[in-house]
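A.B. asks: I'd like to go over a predicted model; first the sequence, then the structure.
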Amino acid sequence: MGATPSSSARHSATDTAIRSGVILLTFFAATVHISLLFPDPVFILNGLGYLALLAALYLPISRLASHRRVVRWALIGYATLTILLWVIMGERTLLGYTTTAGEVVLVGLVVLEGRRLRARSEAGSL
């Protein structure tokens with residue numbers, strides 16, 4: 001019985017680490033895109049898109065609560081599209097590689113978070 005609290009605490013710490021990673025990597029990508037080639041509207045809009053999806057995913061807005069799964073998929077698609085566009089026409093600089101690597105990790109973390117939430121909800125419905 002002593003394993004249950006530490007197991008629960010571990011899940012909570014893991015969830016917090018995943019969420020923190022998503023937030024930090026999204027802010028990083030948004031900051032780079034907003035400041036990159038400023039005032040190019042394409043990059044500014046890309047950064048603002050990241051911020052809007054992050055807000056829709058985590059802010060406690062009751063109207064969005066039932067749409068979090070769709071928002072999660074939108075963030076995955078948005079980051080993936082940004083990665084693909086960089087592969088096609090992005091500059092091969094250290095900042096480009098770093099930002100793209102961060103976006104790849106961001107996609108992985110959002111997918112992982114979604115799987116954990118789905119597994120938790122399926123376990124709760126049993």
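C.D. replies: Okay, I see it.
A.B. asks: ok, now how distant is the residue nearest to the spatial centre of the chain from A123?
C.D. replies: Nearest to the geometric centre of the chain sits V22, at 4.2 Å (C-alpha atoms, centre = their mean). For V22, the distance to A123 (C-beta to C-beta, to the nearest Å) stands at 22 Å. C-beta: built from backbone N, CA, C; applies to glycine.
A.B. asks: I figured the residue nearest to the centre of the chain hits L106, correct?
C.D. replies: Yes. Distance between V22 and L106: 6.5 Å, which falls inside the contact criterion (C-beta atoms under 8 Å).
A.B. asks: average model confidence for stretch 116-126?
C.D. replies: Model confidence over stretch 116-126, given as mean pLDDT, is 82.
A.B. asks: contacts for that stretch?
C.D. replies: With contact meaning C-beta atoms under 8 Å, 6 or more residues apart in numbering, stretch 116-126 is reached by T14, D15, I18.
A.B. asks: Spatially nearest residue to the first one (excluding sequence neighbours)?
C.D. replies: Counting by C-beta to C-beta, 6 or more residues apart in numbering, R116 is the residue found nearest to T14 once chain neighbours are left out, at 7.8 Å.
A.B. asks: what's the answer for the last one, then?
C.D. replies: Setting aside the residues directly before and after it, I18 is nearest to E113 in space (C-beta to C-beta, 6+ apart), at 4.9 Å.
A.B. asks: what helix or strand does that neighbour sit in?
C.D. replies: In this assignment (DSSP states H and E), E113 forms part of helix 94-124.
A.B. asks: repeat for L85
C.D. replies: L85 belongs to helix 68-89 when assigned by DSSP H and E.
A.B. asks: helices and strands around the longest helix seen in the chain, which ones?
C.D. replies: If you go by DSSP state H, the chain has its longest helix at helix 3-35. Identification of packing neighbours for helix 3-35 by 3 or more C-beta pairs under 8 Å, 6 or more residues apart in numbering; DSSP states H and E yields helix 41-58, helix 68-89, helix 94-124.
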